[in-house]
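Q: how would this look folded up:
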Amino acid sequence: MSYGFLHGTEVETGFGLRTIERLVPGDRILTLAGKLARVVWVGHTQLSAREVARAPGVQPVRLRAGTLTENAPCRDLIMAPTQEIVLCDGPGQAETRVIAAKALLCGTDRLPVLHDLRFTQLMLEQDGFMLVGSVWCPSMTATASDESVGYETQMAKMRLAG
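A: Predicted coordinates:
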């Protein structure tokens, strides 16, 4: 299960960077295809520090700057350990792999939780990967055939597994 993105995470929109918690339905998000996809739903989840202590699988991880490429992420990025990220160089790259942040054995640290965690989930009108904190991440889509991901994400997962 993915809780979404921690509040404070920046997302590339049609009007520049905005923090995830400020996005509303109708906003447009930049996708890996180089297009803007409309946000159709925004959800919020809050976990208390006590809840996180009882479920260490949700303890956030820090993806250190430059872990994926020289410029990605461009600064440390805090995310849920189940948050999926895309391993690719950017628009137009043929090979795309999707992995959970916790699968990166180097370049991540588990962070202590001293306060409540607030997450935001986005659902886009079309399938795609969005630029979140300078890292490409799969989006939830309104046309998804499973609970949380659309066709493009499922295909990338199958390529990774195969």
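Q: quick one: contacts for the residue nearest to residue 132 when sequence neighbours are not counted?
A: In space, and not counting its chain neighbours, residue 132 is closest to residue 11: 5.2 Å by C-beta to C-beta, 6 or more residues apart in numbering. Bear in mind the C-beta positions are built from the backbone N, C-alpha and C, glycine included. Going by C-beta atoms under 8 Å, 6 or more residues apart in numbering, residue 11 touches 5, 17-20, 23, 29, 122, 130-133.
Q: element containing the residue most central in space within the chain?
A: By C-alpha atoms, centre = their mean, the chain has its centre lying nearest to residue 137, at 4.2 Å. Using DSSP states H and E, residue 137 sits within strand 135-138.
Q: Quick one: distance of that strand to the chain centre.
A: 5 Å (C-alpha atoms, centre = their mean, to the nearest Å).
Q: Ok, stretch 72-92 next?
A: Centroid separation for stretch 72-92 versus its chain: 7 Å, with C-alpha atoms, centre = their mean.
Q: Mind listing what's buried along it?
A: The neighbour-count check on stretch 72-92 (16 or more other C-beta atoms under 10 Å) flags 72-73, 77-88 as buried.
Q: That's all I had, so thanks and see you.
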